[in-house]
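K.L.:
Here is a sequence together with a model predicted from it:
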There are 2 protein chains.
Amino acid sequence: MEPILEGLEQAEGLAALQAASEEIRDHYRVDHVVYHWVDSAGDQYGCGTYSDVWRDRYLEQNYLRIDPVIMGCFQRFHPVDWKRLDWSSKSARTFQAEAIAHGVGNQGFSVPIRGPNGQFALFTVSHSCDDKTWAEWTDAHRRDLILIAHTFNEKALDFEPDRAPEQSQALSPREVDAMTFLAMGYSRAQVADTLSISEHTLRVYIESARFKLGAMNTTHAVARAMSRGLIVV
Amino acid sequence: MEPILEGLEQAEGLAALQAASEEIRDHYRVDHVVYHWVDSAGDQYGCGTYSDVWRDRYLEQNYLRIDPVIMGCFQRFHPVDWKRLDWSSKSARTFQAEAIAHGVGNQGFSVPIRGPNGQFALFTVSHSCDDKTWAEWTDAHRRDLILIAHTFNEKALDFEPDRAPEQSQALSPREVDAMTFLAMGYSRAQVADTLSISEHTLRVYIESARFKLGAMNTTHAVARAMSRGLIVV
DNA sequence: TACCACCTCGCTATTTCTGGGGAGGGGAAA
DNA sequence: TTTCCCCTCCCCAGAAATAGCGAGGTGGTA
């Protein structure tokens, strides 16, 4: 692994990351290696060895919203084998069939990665082989994959400092309180009562938080505060 | 490193993590090894080799709010040497002096880690030595420290009672659409327009989703859908 | 076949939230 | 010291969301 990780660590720019993903694929002799960034605003980009056709189809169809790999990893910290995900829904099965038809392997292993402000990304290795071979391979290279995932995300954050420019504005304690209780389902009147302040005051906090978060309404503000990890509910 | 990481991977329970941190300290011959879980609700716990006095003082004084290591790492993805943090404010300097007086080393290296739902933790190694020695040591063990940090957090999340134990009812596709656009800040009228349905219909979806999620209002429903990973925004 | 979940559309009345204005006191930092 | 942000309180009108009632069509499953 060592020389492979060295190469990745020295990569500069997206094109170099793309080249690194191909090197990693060849080094480990797997079908595909993909790094996929998903933004709290819904933006996404990535690099990897999937075919252009599949990548375009994925973006065009907005498969982000039904991809069980995304949905499953978003709720976990642990790296996960695709077999352990939930493929039971109808949309998931059609998605899976289409993915395999586009050359994605029947086996996969994905490492979720999170950065500041709710940044979320996935590092995935996919391959076509039987279950036993795959289990042995992932067991043997689990640590390598975690380090590679980590390094990919480091590089991606370096190249994209403008992804979350000054929107990373922190909320004041009272604003955090307000957002938290709103996310818990309290009405404005209830929040104000809970915090022992007037509803008018509370409204100032909500408006201020909304402004800082660049949100269009309260629901949007709470959603952004959550996805940026500013509140935990 | 190998046997050390093996030991950590087999740890069961907080006491075992505590023991593992002491083993790691002895293995690398550093002064302190600490894993520190923080969530923005204010809860925190951790394990490590700091003295009880310092730990109690830290909690009692709520140093969480002024600790430059916390503040700095919360905005980064990269592991960071303490020297690169901002120690310029007055409260930071008094905090630093007190920490050193309590046996915390003058050098430190911290790895930020993030999990689902805004979970945040730090893995820190601290030591007393000159800058050059420390730089060499951290360069040599950077990858080890990342893997150890990752493993610590895996264990910690395992011990932590799951945030969504109850299998929440899945949302229908239209309900997911509705929740997603609402989380993106669209008003009901805008969502209805985007989905090309009447606002009345949209309202049915929102109410239905609210019922399924056990939510008291739209904001609550969106918050729950997000924290359960039913929508990705 | 009957049932159920899903998708689509309609009405009225009430409650709640939003968007404009204001004002003053306190604390930390430059 | 001045500046800036945070916390607190107030009014009002218009916009938006909620609660309650209703209707019919589709497609899959028991």
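P.N.:
Arrived safely. Here the structure is a predicted model, which means the values were calculated and not measured. Numbers count the residues shown, from 1 in each chain, chains lettered A, B, ... in the order given.
K.L.:
what about the strands in chain A?
P.N.:
A:32-38, A:44-48, A:80-81, A:107-114, A:120-127 (DSSP state E).
K.L.:
Which among these is found nearest to chain B?
P.N.:
Comparing those against chain B with CB to the nearest CB, the closest turns out to be strand A:107-114 (3.7 Å). Placement of C-beta: from N, CA and C, glycine included.
K.L.:
which helices and strands does the closest one pack with?
P.N.:
helix A:68-74, strand A:80-81, strand A:120-127, helix A:131-159 (3 or more CB pairs under 8 Å, 6 or more residues apart in numbering or on different chains; DSSP states H and E).
K.L.:
between these, which one is nearest to DNA strand C?
P.N.:
Closest to DNA strand C of the helices and strands packed on strand A:107-114, according to CB to the nearest atom of the strand: helix A:68-74, at 16.7 Å.
K.L.:
Run the chain-centre distance for that closest one.
P.N.:
Taking the mean of its C-alpha atoms, helix A:68-74 sits 9 Å from the chain's own mean (CA atoms, centre = their mean, to the nearest Å).
K.L.:
And stretch A:19-34, by the same measure?
P.N.:
Between the centre of stretch A:19-34 and the centre of its chain there are 21 Å (CA atoms, centre = their mean).
K.L.:
neighbouring contacts of the helix or strand bottoming out on mean pLDDT in chain A?
P.N.:
Least confident helix or strand, chain A: helix A:2-9 with a mean of 73, by mean pLDDT, DSSP states H and E. With CB atoms under 8 Å, 6 or more residues apart in numbering or on different chains as the test, helix A:2-9 has contacts from A:17, A:20, A:23-24, A:27, A:144, A:147-148, A:151-152, A:155, B:143.
K.L.:
now stretch A:209-227
P.N.:
Contacts of stretch A:209-227 with the rest of the structure, by CB under 8 Å, 6+ apart, involve A:40, A:118, A:167, A:169, A:171, A:175-176, A:178-179, A:182-183, A:206, A:228, A:231, A:233, B:118, B:182-187, B:218-219, B:222-223, B:226-227, B:233.
K.L.:
hey, C-alpha coordinates of that stretch in CSV?
P.N.:
Coordinates of each C-alpha in stretch A:209-227 appear next as CSV, following Å, rounded to 0.1, in the frame of the first residue of the first chain:
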residue,chain,number,x,y,z
ALA,A,209,-30.0,32.3,12.7
ARG,A,210,-31.9,32.2,9.5
PHE,A,211,-29.7,35.1,8.2
LYS,A,212,-26.5,33.5,9.3
LEU,A,213,-27.4,30.2,7.7
GLY,A,214,-28.6,31.7,4.5
ALA,A,215,-32.0,30.1,5.0
MET,A,216,-35.3,31.1,3.5
ASN,A,217,-37.5,30.1,6.4
THR,A,218,-37.4,28.4,9.8
THR,A,219,-37.6,24.8,8.4
HIS,A,220,-34.7,25.6,6.1
ALA,A,221,-32.7,27.1,8.9
VAL,A,222,-33.2,24.0,11.1
ALA,A,223,-32.3,21.7,8.3
ARG,A,224,-29.1,23.6,7.6
ALA,A,225,-28.2,23.8,11.2
MET,A,226,-28.6,20.0,11.4
SER,A,227,-26.8,19.1,8.3
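K.L.:
Report the buried residues of it.
P.N.:
For stretch A:209-227, burial by neighbour count (16 or more other CB atoms under 10 Å in any protein chain shown) applies to A:209-210, A:212-213, A:215, A:217-227.
K.L.:
Is that stretch in proximity to DNA strand C?
P.N.:
Yes - Stretch A:209-227 comes into contact with DNA strand C (CB under 7 Å from any atom of the strand), by way of A:210, A:216-219.
K.L.:
got TSV for these, with pLDDT too?
P.N.:
Shown next, in TSV, are those (pLDDT from 0 to 100):
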residue	pLDDT
A:R210	90
A:M216	90
A:N217	91
A:T218	92
A:T219	94
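K.L.:
Need the max-distance pair from those residues.
P.N.:
The span of these, defined through CB to CB, is set by A:R210 and A:T219 at 10.1 Å.
K.L.:
before we move on, back to that, buried residues of the least confident helix or strand of chain A, list them for me.
P.N.:
Buried residues in helix A:2-9, counted by 16+ other CB under 10 Å: A:4-5, A:8.
K.L.:
If we only consider the residues you listed, which is nearest to DNA strand D?
P.N.:
Nearest member of the buried residues of helix A:2-9 to DNA strand D, counting by CB to the nearest atom of the strand, is A:L8, at 38.7 Å.
K.L.:
Against A:A121, how distant is the closest one?
P.N.:
According to CB to CB, to the nearest Å, A:L8 stands 15 Å off from A:A121.
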